[in-house]
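# Got a predicted model here, sequence first, then my questions.
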Amino acid sequence: MKFIVCASILSAALFKLTDAACAGPYAQCGGNNFSGEKCCQSGYKCVSINEWYAQCEVDNSAQAAPAPSAAAPPTSNAAAWDNQNPWGNQNQQQQNPWENQNPWGNQNQQQQNPWENQNSWENQNQQQQNPWENQNQPQAPQQQAPPQQAPPQPAPAGNGGNGSSQNFFQNEIYANPKFIEEVDSSMAKLDGDLKAKAEKVKSVPTAVWLAWEGAPGEVAQHLEAAGSKTVVFIMYMIPTRDCNANASAGGASSLEAYKGHVDNIANTIKSHPNSKVVMILEPDTLGNLVTANSEACKNVHTLHKNALSYGVNVFGSMSNVSVYIDAAHGAWLGNSTDKVAAVIKEILNNAPNGKIRGLSTNISNYQPVASEYGYHQKLASALSAVGVPDMHFVVDTGRNGVGISSDTWCNLVGTGFGERSKGNPNPGMPLLDAYMWLKTPGEADGSSSGARADPGCAKSDSLPGAPDAGQWFHDYFVQLLTNAKPGF
């Protein structure tokens, strides 16, 4: 008898271990370039959604076996991540982020475990229940009615976290004091009509970039200076930024360091509960995830997905933060919107506590608003098809006034300031939350000389004489001011 009992326990344990090695309910199980588990747990089968994405769905053909308890949405956020790492472990410097059922570890000791039965931001949104708890549970059969098999359960929503879905651009937007100081430095070299126009430029709100190690320490002063105005932050600290491209290389030293920056910024925002924040995550990263096939980029794809998911999960769980992931621009990704949607879906699925308001486009580029809005419409349709509906967009209009379409990205000649920063700018474009000067117009994209020289900045249609990326470029500011449409 003891042998039978022990054998039964051992058999059950072996089955559980075998089953756990496969992808869980509604997890990704296939798609081009997918390297995770390609089998599904008992009661589920791998169903292809498109060439880039397949997920485990209820196997209705398995009549003999009862559906496992995991068929219903998990009742705690931790359950969805048990015994699996949806992205593998391609970054050898990083430990399995899903180990011990807390996918984000415990890097910031001041912050509670965000998976532990509560919103990590101390239930600021008290009316919001766990979005997966007690939803779509099988109904108890009526008395004397025969038991019925539970219907197939829908996959967890790809954008169903606890954070804000408000358009904070409808509020008055904060003007970055650094931009005002930079314009003042150029005004000292101008006179007459140009100087008068430059004075007007200072009133246009621009984003605050968080792009260096000390940037998280500057967040509080911006929130305090803004008061009731909306502060637009751009997080640009992802490790191996731009796959270590010459002009924009940098970022946090590791994924753990990046998480620490996210936590520090989030805790600062948490200490200013009346503030309104737009957080735009990591320009160019999504574009590189979708199209960059160099070894330098492929080696950090997993790292970058993990970093984006962590940012969404933390910032996107806060009631006073609206999150947008950067989606490059239509000239880059306009023909790859299905793949863009699949990557975004993957990022969101691994950030169940957070939600995004939408996507930003055209950062640091020159595409016309009309063409970008066509890209927005395609993205919204592709995302809705994979279960991520109701996306909204913000477009960078800082340098697209002339509407030049070119493959030159660095200090393009002939450009001008575009539409001023404004929420809900065009009733005919209902998906568009805002025009916004996201890239600081007047700061260089990169240089053709020096230690950080980039060949992309040495083209014949790049304005010569530029300093390193992020440094003020007076001649470029004058060009933008001269060619502004609408003018100042």
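Yep, it's here. Numbering: from 1, shown residues only.

# quick one: secondary structure of Gln367?
coil (DSSP: H, G, I helix; E, B strand; the rest coil).

# what sits against the closest residue to it other than its chain neighbours?
Spatially, and ignoring its direct neighbours in sequence, Gln367 is nearest to His329 (5.0 Å; Cβ to Cβ, 6 or more residues apart in numbering). Yep, even glycine has a C-beta here, placed from its N, CA and C like the rest. By Cβ atoms under 8 Å, 6 or more residues apart in numbering, the contact set of His329 is 361-363, 365, 367, 372, 375.

# and if we set it to 7 Å?
361-362, 365, 367, 372 (Cβ atoms under 7 Å, 6 or more residues apart in numbering).

# so how far is Val386 from it?
His329 is 21 Å from Val386, where distance means Cβ to Cβ, to the nearest Å.

# do Gly423 as well
In this view, Gly423 and Val386 are 28 Å apart by Cβ to Cβ.

# Can you pick out the residue with more neighbours from those two?
Using other Cβ atoms under 10 Å as the criterion, Gly423 and Val386 rank with Val386 on top: 22 against 18.

# Run a quick neighbour tally on the nearest residue in space to the more buried one that is not next to it in sequence.
Ranked by Cβ to Cβ, 6+ apart and with sequence neighbours excluded, the top spatial neighbour of Val386 is Lys345, at 4.6 Å. Neighbour count of Lys345, defined by other Cβ under 10 Å: 24.

# quick one: which helix or strand includes Lys345?
According to DSSP states H and E, Lys345 maps onto helix 337-349.

# which helices and strands sit right next to that helix?
In terms of contacts (3 or more Cβ pairs under 7 Å, 6 or more residues apart in numbering; DSSP states H and E), helix 337-349 is packed against helix 285-291, helix 301-315, helix 369-385.

# Just after that helix, pick out the following helix or strand.
Criterion used, DSSP H and E; the element after helix 337-349 is strand 358-361.

# which residues sit against that following strand?
So strand 358-361 is contacted by 280, 324-330, 372, 375-376, 379, 391-395, 433, 438 (Cβ under 7 Å, 6+ apart).

# Name the residues of that strand that come out as buried.
358-361 (16 or more other Cβ atoms under 10 Å).

# That strand - which strands sit beside it in the sheet, and in what orientation?
strand 321-326 (parallel), strand 392-396 (parallel) (DSSP bridges).

# Does anything pack onto the helix or strand just after the first one? Which helices or strands?
Along the chain past strand 321-326, the next helix or strand (assigned with DSSP H and E) turns out to be helix 330-333. Applying 3+ Cβ pairs under 7 Å, 6+ apart, one finds that helix 330-333 contacts helix 285-291, helix 369-385.

# domain ranges for this protein?
Domain assignment for the chain, taken from automatic domain parsing, gives 21-81, 168-482.

# which stretch in those has the least confidence?
Lowest mean pLDDT of the domains of the chain: domain 21-81, a mean of 58.

# Comparing the domains of the chain, which stretch has the densest surroundings?
For these, the largest average neighbour count (mean count of other Cβ atoms under 10 Å) is found in domain 168-482, namely a mean of 20.

# distance between the ends of it?
End-to-end span of domain 168-482 (Cα to Cα, to the nearest Å): 31 Å.

# One more: stretch 426-438?
Its start and end residues considered, stretch 426-438 measures 18 Å (Cα to Cα).
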